[in-house]
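Chemist: no sequence on hand, only this structure:
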């Protein structure tokens with residue numbers, strides 16, 4: 001089993017710079033490409049060199065000027081704003097807020113709690129008891145007084161309604177016969193023999209007028225469609241097909257070639273700028289850096305070593321010895337002061353009473369049992 005992929009064959013590249021898989025190019029494209037690339041290269045090289053110079057200058061300024069200046073400004077901003085604000089918050093705002101919270105608790109919360117607990121709560125219980133008593137009285141009156149009265153009124157109204165219904169049945173029979181033969185029968189005859197034929201005639205006339213209007217509108221729309229097609233659409237289509245499309249394709253070819261030329265010119269200008277930068281760097285190195293390095297290595301380094309061995313190291317040893325002697329003198333003075341203070345305390349207050357040590361049941365750290373020794377009475381050495 002072959003675990004390696006076979007190499008992928010790259011498509012062959014034509015002399016014009018296009019792969020063979022793309023569509024063939026015309027003579028117009030090849031004729032435009034070379035002069036456009038030459039002109040663009042001449043225009044782009046100075047711009048690329050200026051751009052590279054600005055980039056190098058910007059990196060140098062960022063590393064040597066802007067970054068230290070930013071750090072200094074950040075430290076200055078902390079010293080002028082952040083640390084004072086932190087101190088103000090920690091030592092002014094927080095204590096003041098704590099004091100205000102304590103005052104609010106003492107002056108507001110505690111009185112309100114006391115008022116609610118010892119005044120409003122008992123008063124509310126009393127009001128609730130009164131409301132429950134009034135509600136019980138109203139419920140008793142409703143159940144014992146209003147309900148029997150309502151039932152009696154309901155029975156009285158039912159009797160009156162029955163009497164009125166018996167009278168109304170007779171009146172309704174006579175009225176229904178009169179309405180049927182005086183209103184319903186004449187209205188039905190008028191609808192069947194007068195209104196219905198007139199409505200059908202009006203509907204037939206409306207349908208005819210609507211069909212005529214549709215024919216007129218359709219004919220006018222057909223005529224306007226062909227007029228607009230001949231006057232507007234066909235000229236616009238011819239203009240698009242025979243003028244705008246060829247011009248657009250030509251402009252697209254020109255824009256594509258200009259873009260490709262800009263890309264190639266930018267890359268070539270980058271190589272030229274890199275070569276010029278390397279030449280200038282080498283020239284600066286051999287004319288300035290190497291002489292300075294040689295002077296530093298052959299002149300300043302030996303002189304520095306001599307100064308370090310002859311001056312700085314003896315001075316450092318002397319400073320260390322002086323510091324050591326000063327620390328010893330200070331330690332001796334501190335010990336003398338401590339002893340003097342102890343003597344003065346002893347003369348004024350006497351010796352301090354020392355507590356007698358009490359034998360503990362557990363052995364001390366030094367007398368603990370180990371594998372090599374024993375603390376029992378029989379095996380102790």
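Modeler: Yep, that arrived. Computed from a predicted model, the values in this text were never measured in an experiment. Numbers count the residues shown, from 1 in each chain.

Chemist: show me the longest helix that occurs in the protein.
Modeler: Ranked by residue count under DSSP state H, the longest helix found in the chain is helix 245-284.

Chemist: so which bits of that helix are buried?
Modeler: 253, 257-258, 261-262, 264-266, 268-270, 272-273 (16 or more other CB atoms under 10 Å). Just so you know, the C-beta spots here come from the backbone N, C-alpha and C atoms, and that holds for glycine as well.

Chemist: next one: it to chain centre, how far?
Modeler: Taking CA atoms, centre = their mean, to the nearest Å, the mean C-alpha location of helix 245-284 is offset from the chain mean by 40 Å.

Chemist: mind listing the strands for the stretch 251-381 of the chain?
Modeler: Ranges of strands within the stretch 251-381 of the chain: none, based on DSSP state E, counting those that start in this stretch.

Chemist: can you tell me how far residue 39 is from residue 266?
Modeler: 14 Å (CB to CB, to the nearest Å).

Chemist: one more: residue 177?
Modeler: 109 Å.

Chemist: mean confidence score for stretch 59-68?
Modeler: The average pLDDT within stretch 59-68 is 88.

Chemist: what is the end-to-end distance of it?
Modeler: This stretch, stretch 59-68, spans 13 Å end to end (CA to CA, to the nearest Å).

Chemist: then stretch 111-128?
Modeler: The first residue of stretch 111-128 is 24 Å away from its last residue (CA to CA).

Chemist: quick revisit: want to throw the buried residues of helix 245-284 into CSV with distance to residue 63 and pLDDT?
Modeler: Listed next are the buried residues of helix 245-284 as CSV, based on distance: CB to CB, whole Å; pLDDT from 0 to 100:
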residue, distance to residue 63, pLDDT
253, 46, 81
257, 40, 81
258, 37, 81
261, 35, 80
262, 31, 82
264, 32, 82
265, 30, 81
266, 26, 84
268, 29, 84
269, 25, 81
270, 22, 82
272, 26, 84
273, 20, 82
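
Chemist: so residue 325 versus residue 318, what's the distance?
Modeler: From residue 325 to residue 318 the distance is 11 Å (CB to CB).

Chemist: low-confidence ranges in the protein?
Modeler: For the chain, the stretches with pLDDT under 70 are 1-32, 167-175, 350-381.

Chemist: which stretches of the chain form helices?
Modeler: Along the chain, the segments classed as helices by DSSP H run 27-61, 67-77, 83-88, 94-104, 110-115, 121-141, 147-179, 185-190, 196-228, 234-239, 245-284, 290-295, 301-307, 313-349.

Chemist: list the buried residues in the last one.
Modeler: Residues of helix 313-349 classed as buried under the neighbour-count rule (16+ other CB under 10 Å) do not occur.

Chemist: what helices or strands is that helix leaning on?
Modeler: On a contact count with 3 or more CB pairs under 8 Å, 6 or more residues apart in numbering; DSSP states H and E, helix 313-349 meets no helix or strand.

Chemist: just give me how far that helix sits from the chain centre.
Modeler: 63 Å.

Chemist: can you check the third one too?
Modeler: Its chain's average C-alpha position is 29 Å from that of helix 83-88, according to CA atoms, centre = their mean.

Chemist: kindly report the same for the fourth one.
Modeler: Here the centre of mass of C-alpha atoms in helix 94-104, compared against the chain's by CA atoms, centre = their mean, lies 35 Å away.

Chemist: identify the residues contacting stretch 48-60?
Modeler: Residues outside stretch 48-60 that contact it (CB atoms under 8 Å, 6 or more residues apart in numbering): 266, 269, 270, 272, 273, 274, 276, 277.

Chemist: tell me, how many residues neighbour residue 37?
Modeler: 19 (other CB atoms under 10 Å).

Chemist: just to check, it is in contact with residue 264?
Modeler: Yes - at 6.1 Å, residue 37 and residue 264 qualify as touching, with contact defined as CB atoms under 8 Å.

Chemist: hang on, the earlier thing: which of the contacts of stretch 48-60 lies closest to residue 83?
Modeler: residue 277 (44.9 Å; CB to CB).

Chemist: find the nearest non-adjacent residue to that closest one, please.
Modeler: Once flanking residues are discounted, residue 277 sits nearest to residue 52: 6.5 Å by CB to CB, 6 or more residues apart in numbering.

Chemist: what is the neighbour count of that neighbour?
Modeler: Neighbours of residue 52 (other CB under 10 Å): 17.

Chemist: residue 266 and residue 253: what is the separation?
Modeler: 20 Å.

Chemist: ignore the last one, residue 221
Modeler: Applying CB to CB to residue 221 and residue 253 gives a distance of 44 Å.

Chemist: got it, and residue 290?
Modeler: Taking CB to CB, one finds residue 290 at 53 Å from residue 253.

Chemist: same thing with residue 112?
Modeler: Taking CB to CB, one finds residue 112 at 86 Å from residue 253.

Chemist: and what of residue 57?
Modeler: 39 Å.

Chemist: and residue 314, by the same measure?
Modeler: Taken as CB to CB, the span from residue 314 to residue 253 is 83 Å.

Chemist: and residue 345, by the same measure?
Modeler: 107 Å.

Chemist: repeat that for residue 191.
Modeler: For residue 191 relative to residue 253 (CB to CB), the value is 82 Å.

Chemist: same question for residue 127.
Modeler: 95 Å.

Chemist: repeat for residue 60
Modeler: The value you get for residue 60 to residue 253, if CB to CB is used, is 43 Å.

Chemist: can you check residue 217 too?
Modeler: Counting by CB to CB, the gap from residue 217 to residue 253 is 50 Å.

Chemist: please apply the same query to residue 38.
Modeler: 17 Å.

Chemist: can you check residue 116 too?
Modeler: 89 Å.
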